[in-house]
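Participant: Give me a model of this one.
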Amino acid sequence: MKIADLIIWFEAWANPAWCESWDNCGWQIEPGVLQKETRVLVCLTPTLAVMQEAIALNANLIFAHHPLIFNPLKSLRTGEAIAEMVRLAFTHNIGIYTAHTNFDQVQDGTADVLAQILELKEVTPIELTQAGLGYGRVGLLEPFLTLQELLATIQTRLSPPNLIFSPTANLQQTISRVAVLGGSGASYISAVVKTGAQAYLTSDCKFHQFQESRDRNLILIDAGHYATERPACDRLVQKFQSLNLDWVQLSQKDEDFRQFFA
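Facilitator: Okay, here's the model as predicted:
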């Protein structure tokens, strides 16, 4: 399959037109690789480490969830990370393509994968954007779990370096309905409360958002941006493999940009 054909297939599934106005989905750098046989490296975030990995593996496409270019560039100068990414992309003929908020909404996108990892049933979007699609997912736990068991399940299946949750008096309380949203999802707290979820798994939550959730009887669980979105990249690799591409691999140089002092 040529790169152009892969992108056509992907965009029929996760239309870049669904991208939010503040976002940047689609081609970030296209150095003339559309007719090349696809050798794709999938990652969460396109960084210089991932680019060096792509060069070493002779990949010709970096397929990322996070945009390389998020805000309008005013200049490209030597020594800047994005400028170096652009230089290397054109020097080594490696395209960079991003699927961000469009990938968040679709079936088997970032939210659906989290819901599947927790084995949620009767799943629906937290916020509907179009028929059957939307941001986040909410569903039922079968069997029900205690809060302690739910936290242990998240720790085991996502392996976050740090798991934070809002104050609660009883780790043995029964949890039956859970909401999930990969990446920065604290802005959806009000929408989650309306779903009747007892617990909400997301990331990048601030101090007073934990307070807000507690005061609204919602247990907020922050497993980190990387841990909540990286599994969807692995799922994307599996989907690409089903297309019998020439070569596809999940990046081993993707990074969680936070470290925690033990």
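Participant: Can you classify residue 229 as helix, strand or coil?
Facilitator: helix (DSSP: H, G, I helix; E, B strand; the rest coil).
Participant: now it: how far from residue 181?
Facilitator: Computed with CB to CB, to the nearest Å, the distance linking residue 229 and residue 181 is 10 Å. C-beta: built from backbone N, CA, C; applies to glycine.
Participant: Give me the common contacts of those two.
Facilitator: Common contact partners of residue 229 and residue 181 (CB atoms under 8 Å, 6 or more residues apart in numbering): residue 110.
Participant: more neighbours, these two?
Facilitator: More crowded of residue 229 and residue 181, by other CB atoms under 10 Å: residue 181, with 29 against 25.
Participant: Could you state which residue of this structure sits nearest its centroid?
Facilitator: residue 229 (3.1 Å; CA atoms, centre = their mean).
Participant: my guess is that one meets residue 184, correct?
Facilitator: No: at 9.8 Å, residue 229 does not count as touching residue 184 under the criterion of CB atoms under 8 Å.
Participant: Is it correct that residue 46 is in contact with residue 69?
Facilitator: No: judged on CB under 8 Å, residue 46 makes no contact with residue 69 at a distance of 9.6 Å.
Participant: quick one: furthest residue from the center of the protein?
Facilitator: The chain, farthest from centre, CA atoms, centre = their mean: residue 169 at 31.3 Å.
Participant: can you tell me the helix or strand for it?
Facilitator: Taking DSSP states H and E as the definition, residue 169 sits outside all helices and strands.
Participant: Residue numbering should commence at 28 henceforth.
Facilitator: With 28 as the first residue, the last one maps to residue 196.
Participant: Tell me the predicted confidence for it.
Facilitator: In this model, residue 196 is scored at 73, pLDDT.
Participant: circling back: quick one: which of residue 73 and residue 96 has more around it?
Facilitator: Counting neighbours by other CB under 10 Å for residue 73 and for residue 96 shows that residue 73 has the greater number, 29 against 16.
Participant: Give me the spatial nearest neighbour of residue 208, chain neighbours excluded.
Facilitator: Once flanking residues are discounted, residue 208 sits nearest to residue 163: 3.6 Å by CB to CB, 6 or more residues apart in numbering.
Participant: what about the stretch 28-177 of the chain, any weak spots by pLDDT?
Facilitator: Of all residues in the stretch 28-177 of the chain, none has pLDDT under 70.
Participant: if we go to 80?
Facilitator: 159 (pLDDT under 80).
Participant: can you give me the helices in it?
Facilitator: 30-40, 75-83, 108-119, 128-132, 137-144, 174-185 (DSSP state H, counting those that start in this stretch).
Participant: Any idea which of those helices gets closest to residue 217?
Facilitator: Residue 217 sits nearest to helix 137-144 of all those, at 17.2 Å, using CB to CB.
Participant: quick one: residue 161 from residue 40, how far?
Facilitator: 16 Å.
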